[in-house]
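Undergrad: predicted model, plus sequence, below.
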Amino acid sequence: MPVNERYSRQTLLKNIQKDGQKKLAKSRVVVIGCGALGTTIANNLVRSGIGHVKLVDRDVIELNNLQRQNLFNEHDVGLPKASIAAEKLKEVNSGIKIDSVIDDVTHKNIESLIKDVDVVLDGTDNMLVRFLINDACVKHNISWVYGGAIETYGMTMNIIPNKTPCFRCIIQDLPAAGFLPTCDTVGVLNSIPTIIASIQSTEAIKILLKKEINKDLLIYDVWSHDFQKIKIKKKKHCECCGNHTYEFLHAKKKETMISLCGRGAIQITPAKSMNISFDELANKLQKVGEVENRKAILRFKIPKYELNVFRNGRTIIIGTNDKKIAKSLYAKYIGL
């Protein structure tokens, strides 16, 4: 199929035209996370003709993902998200390069994952990974687009090193375990990640074409149609973009995971010690599983797994020796 026919409706736009399309064809992006946000972002950018798209995700597809993750179907359940997304998108656009990486994003590999790309897109639901993306992108002067969606609302912001505030200007440190809601504890309407991801992919195209971008934090609630633009000020002594200390990238702030021999369990100790409110956490978790508050420990059971949560955030996940599965469960239910 001729290239001019594939992108004909896009090159008609005065903001893109044929020269802009040529720039997109030479561009490289990485989408970190292939969930509700990431699949929509990847779908939009692949169809837009971005020359090289890299997809990164550690998880496999679950049945509950199909409600909002639009590249997957029932036959894909149990298979790796990144590789299946790449397979589907290669059938959409065979004229570009699409890579997949099935791996956990850590301080050890984040710099290699974003190496030589023009823009990084945030499709993750993990706060620690966002801090890693922020450190690596600011260090290497790479633009990235933050995004998040929960319940019926979502938010997004462009982060351009040396020009805009960074992520740590918005959120200075990791929140306490259990403090943030997750899709697995409070739910998500499938329309909101689609909207936020569409804004993210549009902003990425604007960045690639060196067009005027949005510089505010955008927040939108699809249920109430409440739309906010919040101006974020660059913090003079921000640890990342101000002091350039890159605490997350240098692993000064990271969780630790160890296998508990003979128990079929993984222990996760968060980067930041905290004092969890068991009452608040139990209120969230009892909607999706069996909860028992034993004062010194909160026990949470779902099919196949049991999470024993201590007040400082340390958690023992029983039922697996796989650190990726344990980390995914921790992120889903404890909230980091």
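TA: That came in fine, so what should we check first? Since we're looking at a predicted model, the values are computed, not measured. Residues are numbered from 1 along each chain as shown.
Undergrad: who's in contact with the residue nearest the centre of the chain?
TA: Note on the chain: the residue nearest the mean C-alpha position is Thr124, at 1.1 Å, using C-alpha atoms, centre = their mean. Contacts for Thr124 (C-beta atoms under 8 Å, 6 or more residues apart in numbering) come out as Ile32, Gly33, Gly35, Leu37, Gly38, Val105, Arg130, Ile133. Using the backbone N, CA and C atoms, a C-beta is placed for each residue, glycine as well.
Undergrad: show me what contacts the closest residue to Lys206 other than its chain neighbours?
TA: Of all residues not flanking Lys206 in the chain, Ile213 sits nearest, at 5.0 Å (C-beta to C-beta, 6 or more residues apart in numbering). Going by C-beta under 8 Å, 6+ apart, Ile213 touches Asn158, Ile160, Glu203, Lys206, Ile207.
Undergrad: circling back to that earlier point, least confident of the contacts of Thr124?
TA: Least confident by pLDDT among these: that is Val105, with 89.
Undergrad: ranking helices and strands of this structure by mean pLDDT, which lands last?
TA: strand 256-260 (a mean of 75; mean pLDDT, DSSP states H and E).
Undergrad: give me the contacts around it.
TA: By C-beta under 8 Å, 6+ apart, the list of residues contacting strand 256-260 from outside reads Ala265, Ile266, Gln267, Ile268, Thr269, Ile316, Asn321, Lys323, Ala326, Lys327.
Undergrad: ok, that strand: who's next to it in the sheet?
TA: The strands beside strand 256-260 in its sheet (DSSP bridges) come out as strand 265-269 (antiparallel).
Undergrad: okay, and the beta partners of Met257?
TA: With DSSP bridges applied, Met257 shows beta-bridge pairing to Ile268.
Undergrad: number of nearby residues for it?
TA: The number of residues packed near Met257 is 15, by other C-beta atoms under 10 Å.
Undergrad: please renumber so the chain begins at 21
TA: Okay, using 21 as the starting number, the last item reads as Met277.
Undergrad: just among the contacts of Thr144, which is most surrounded?
TA: Busiest of the contacts of Thr144 [other C-beta under 10 Å] is Leu57, holding 31 neighbours.
Undergrad: how about that one, what does it touch?
TA: Taking C-beta under 8 Å, 6+ apart, one finds Asp142, Gly143, Thr144, Gly167, Gly168, Ala169, Pro213, Ile216, Ala217, Gln220 in contact with Leu57.
Undergrad: can you rerun that using 6 Å?
TA: By C-beta atoms under 6 Å, 6 or more residues apart in numbering, Leu57 lies in contact with Gly143, Gly167, Pro213, Ala217.
Undergrad: ok so, going back, and the contacts of strand 276-280, which two are the farthest apart?
TA: For the contacts of strand 276-280, with distances taken as C-beta to C-beta, the pair at the greatest spread is Thr289 and Asn341 (17.2 Å).
Undergrad: at which residues are the strands of the protein located?
TA: 48-52, 72-77, 117-122, 139-142, 163-170, 173-179, 237-241, 246-250, 276-280, 285-289, 310-313, 317-322, 325-330, 335-338 (DSSP state E).
Undergrad: let me have the contacts of Leu57 in CSV, adding neighbour count, pLDDT and distance to Cys260 as columns.
TA: Formatted as CSV, these follow (neighbours: other C-beta atoms under 10 Å; pLDDT from 0 to 100; distance: C-beta to C-beta, whole Å):
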residue, neighbour count, pLDDT, distance to Cys260
Gly143, 27, 97, 21
Gly167, 27, 98, 19
Pro213, 30, 98, 26
Ala217, 30, 98, 25
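Undergrad: between those residues, which is closest to Asp299?
TA: Pro213 (29.5 Å).
Undergrad: spatially nearest residue to the closest one (excluding sequence neighbours)?
TA: In this structure, Pro213 finds its nearest non-sequential neighbour in Ala56, 3.6 Å apart by C-beta to C-beta, 6+ apart.
Undergrad: my guess is the one you found contacts Leu91. True?
TA: No: using C-beta atoms under 6 Å as the test, Ala56 is too far from Leu91 to be in contact (10.2 Å).
Undergrad: what do these two both touch?
TA: By C-beta under 6 Å, 6+ apart, no residue touches both Ala56 and Leu91.
Undergrad: who has more neighbours, those two?
TA: A side-by-side neighbour count of Ala56 and Leu91, using other C-beta under 10 Å, places Ala56 first with 25 against 22.
Undergrad: do you know how far that one is from Tyr173?
TA: Remark: distance between Ala56 and Tyr173 (C-beta to C-beta, to the nearest Å) = 13 Å.
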